[in-house]
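Chemist: predicted model and sequence below, questions to follow.
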Amino acid sequence: MIRINEIRLNLDEDETLLKVKAAKILKVAEKEITSCTIYKKSVDARKKNDVHFTYSLDICLNCDEEQAVLKCKSKDAKIVVPYSYELPQDCRNGSMRPIVVGFGPAGMFAGLILAQAGTCPIILERGKDVDSRKKDVEKFWNMRELNEESNVQFGEGGAGTFSDGKLTTGIKSPYIKKVLQELYEAGAPEEILYSAKPHIGTDKLSEVVKEIRKKIEALGGEVRLECKVESIIKANGFVQGITYTHGGEKFDIECDSVIVAIGHSARDTVEMLYNDGIEIAPKPFSVGARIEHPQSLINKAQYGKFANHPKLGAADYKLSCHSLHERGAYTFCMCPGGTVVAAASEKGGVIVNGMSSLARDSENANSALLVGIEPKDFPSDHPLSGIYYQRDIERKAFELAGGDYRAPAQLVGNFLKGKESISLGSVNPTCQTGVTLTNLEGCLPKKAVTTMRDAIVQMDKKLNGFNMYDAVLTAPETRSSSAVRIVRDDLLQCKVRGIYPCGEGAGYAGGIVSAAIDGIKCAHSVLDGKH
């Protein structure tokens, strides 16, 4: 197969021209191209007067492909071997069914791989099925009545289900293709296979999650919902089983391998593991707020005169200021045409996140504006101190906003001046539980506030209008990552053999794709059977 990079199409050119351009680069007739598929597609908006699409294509010819590449002498054409995922053999000594705890992206893909390998895994998820979960979340958003076991954080699909469904990742792994292919087969749009910035959208994600669960079950796996793991049964340094509750009753399962993919918000489960002797270390996390602008402002800043072109859709951004202070600041999980999500999972606490539908057609854009917090900033050196620090921020926000799950908010112009906001401007905040205008200094750490103020000014130089006076900051964003790392070795296991800490909650991933990949890696380690 031949891969050709850097093929350009203007916004008004049709993709049917791609085959024509490929034939011209390879110096072959179009009829010699037997297949032409898009490997990657991206928007090049570096020059605002020349916004266009750039493609990489995978080409198959009915003639000698190596000779064709040599003959065309193009630096952008090369021979590649198509990626193919190879399922490892099950090399375990025993026949016990492996256990997966959690059905977010990490647990989902760990369970899927184990099911494809014929091990009939049992997956335990503390929350409800995605349809019941959506009803509980909507009740919280509409009536501010929180279900601590069924919310934005807990339930089938994990926290990523109520997000933009962003599938970008900073890691390099051959398993990225496996993840995207499985999501596509489960109903995600085809463009995730080649888009440079793929996303599914929260409206589509719920259907995708259900289809993956059905696939696992069809392969002999079992997904048990509303089942909360209460303890690990161990002896002589090896896991022997787990205890979980369902419907008020306790159950034991004997097992010799447990993938712990609990997500970044299962704080009670982390405490249980710590009390059971599992080694846990503090880990840096980030804190900040969601910043909301009109999407039209972001489109204009990124695309200039092409801002309203129908092929472009809602523009995004990714900004950072790492030279600021010792922490720096950065934007994270930017949601074009999205909404700010009230994402609490504990009573008496407020947190926010971001979410977009597949169409990304809402009026506002939002992104987390975050500052890194190091373990030396935590209140103590206790391994779980970062979790307690997060909780303290969330409880301060709850009280600051009135104690009814509204989120504290402040206009950017007032935030820069250290002045309490008393009225909104031209930007209407989208947080579903509502906001209380205030001064965010009342809940965010002082060091974070100082860094965020400097960052907003600096980021405006990179994206015109970022420091818009009427833009709204809604706080706090505290759960972009876990505040702990559940320690594992090169075999991806704890000192208690057979326990595999996995994904974002264990401190080894950040985002849907990287968590899914870590799930695949842990499943492979289980199949390897080494202790």
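Modeler: Alright, I've got the coordinates. Residues are numbered from 1 along each chain as shown.
Chemist: drop to CA atoms for contacts and neighbour counts, all remaining ones
Modeler: Will do.
Chemist: quick one: contacts for residue 230?
Modeler: 242-245, 269, 272 (Cα atoms under 8 Å, 6 or more residues apart in numbering).
Chemist: got it, and residue 223?
Modeler: Per Cα under 8 Å, 6+ apart, neighbours of residue 223: 122-125, 213, 217.
Chemist: all helices of the stretch 151-300 of the chain, in order?
Modeler: Counting by DSSP state H, counting those that start in this stretch, the stretch 151-300 of the chain has these helices, from start to end: 175-185, 202-218, 267-275, 295-303.
Chemist: between those, which gets nearest to residue 86?
Modeler: Smallest distance to residue 86 across these (Cα to Cα): 9.7 Å, for helix 175-185.
Chemist: that older thread, in TSV, list the contacts of residue 223 along with distance to residue 437 and pLDDT.
Modeler: Shown next, in TSV, are the contacts of residue 223 (distance: Cα to Cα, whole Å; pLDDT from 0 to 100):
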residue	distance to residue 437	pLDDT
122	46	98
123	42	98
124	40	98
125	37	98
213	42	97
217	47	98
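Chemist: of those, grab the buried ones for PyMOL.
Modeler: To isolate the buried members of the contacts of residue 223 in PyMOL, using 16 or more other Cα atoms under 10 Å:
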select buried, resi 122+123+124+125+213+217
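Chemist: dump the contacts of residue 223 into a markdown table; add distance to residue 66 as well.
Modeler: Shown next, in a markdown table, are the contacts of residue 223 (distance: Cα to Cα, whole Å):
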| residue | distance to residue 66 |
| --- | --- |
| 122 | 48 |
| 123 | 47 |
| 124 | 50 |
| 125 | 50 |
| 213 | 42 |
| 217 | 44 |
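Chemist: one step back: among the helices of the stretch 151-300 of the chain, which is the most enclosed?
Modeler: Among these, the stretch with the highest mean neighbour count (mean count of other Cα atoms under 10 Å) is helix 295-303, at a mean of 21.
Chemist: so where's the stretch 201-350 of the chain shaky on pLDDT?
Modeler: 323-327 (pLDDT under 70).
Chemist: just the CA coordinates for the top strand by length along the chain, please, in CSV.
Modeler: Longest strand of the chain, by residue count under DSSP state E: strand 33-44. Presented in CSV, the C-alpha positions along strand 33-44 are these (Å, rounded to 0.1, in the frame of the first residue of the first chain):
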residue,chain,number,x,y,z
ILE,A,33,-5.8,3.0,-8.7
THR,A,34,-7.9,0.1,-7.2
SER,A,35,-8.6,1.8,-3.9
CYS,A,36,-8.2,5.3,-2.5
THR,A,37,-9.0,5.9,1.2
ILE,A,38,-8.5,8.8,3.5
TYR,A,39,-5.9,8.0,6.2
LYS,A,40,-5.9,11.5,7.8
LYS,A,41,-7.8,14.8,7.2
SER,A,42,-7.0,18.1,8.9
VAL,A,43,-7.8,21.8,8.6
ASP,A,44,-4.8,24.0,7.9
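Chemist: so what are the sheet partners of the helix or strand that comes right after that strand and their directions?
Modeler: Going down the chain from strand 33-44, the next helix or strand is strand 52-61, by DSSP states H and E. Using DSSP bridges, the strands paired with strand 52-61 are strand 2-10 (antiparallel), strand 33-44 (antiparallel).
Chemist: quick one: the following helix or strand past strand 52-61 to chain centroid distance?
Modeler: Remark: after strand 52-61, the chain's next helix or strand is helix 65-72, criterion DSSP H and E. With Cα atoms, centre = their mean, to the nearest Å as the basis, helix 65-72 stands 41 Å off its chain's centre.
Chemist: name the helices or strands packed onto helix 65-72?
Modeler: Here helix 65-72 touches helix 17-26, strand 77-79, going by 3 or more Cα pairs under 8 Å, 6 or more residues apart in numbering; DSSP states H and E.
Chemist: now the strands: where do they sit in the stretch 401-531 of the chain?
Modeler: Residue ranges of the strands in the stretch 401-531 of the chain, as given by DSSP state E, counting those that start in this stretch, are 407-411, 435-437, 472-477, 484-486, 499-501.
Chemist: name the residues of the longest one that are buried.
Modeler: Applying a neighbour-count criterion of 16+ other Cα under 10 Å, one finds 472-477 buried in strand 472-477.
Chemist: what does that strand rub up against?
Modeler: Here strand 472-477 makes contact (Cα under 8 Å, 6+ apart) with 287-293, 350-353, 368, 370, 393-394, 397, 407-412, 427-429, 435, 440, 443-444.
Chemist: can you pull the buried residues of stretch 108-118?
Modeler: Across stretch 108-118, burial judged by 16+ other Cα under 10 Å covers 108-117.
Chemist: could those residues go into a markdown table alongside secondary structure?
Modeler: Compiled in a markdown table, these are given as follows (DSSP: H, G, I helix; E, B strand; the rest coil):
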| residue | secondary structure |
| --- | --- |
| 108 | helix |
| 109 | helix |
| 110 | helix |
| 111 | helix |
| 112 | helix |
| 113 | helix |
| 114 | helix |
| 115 | helix |
| 116 | helix |
| 117 | coil |
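Chemist: would JSON lines of those residues with pLDDT and distance to residue 509 be doable?
Modeler: Putting the buried residues of stretch 108-118 into JSON lines (pLDDT from 0 to 100; distance: Cα to Cα, whole Å) gives the following:
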{"residue": "108", "pLDDT": "98", "distance to residue 509": "14"}
{"residue": "109", "pLDDT": "98", "distance to residue 509": "13"}
{"residue": "110", "pLDDT": "98", "distance to residue 509": "14"}
{"residue": "111", "pLDDT": "98", "distance to residue 509": "17"}
{"residue": "112", "pLDDT": "98", "distance to residue 509": "18"}
{"residue": "113", "pLDDT": "98", "distance to residue 509": "18"}
{"residue": "114", "pLDDT": "98", "distance to residue 509": "20"}
{"residue": "115", "pLDDT": "98", "distance to residue 509": "22"}
{"residue": "116", "pLDDT": "98", "distance to residue 509": "23"}
{"residue": "117", "pLDDT": "97", "distance to residue 509": "24"}
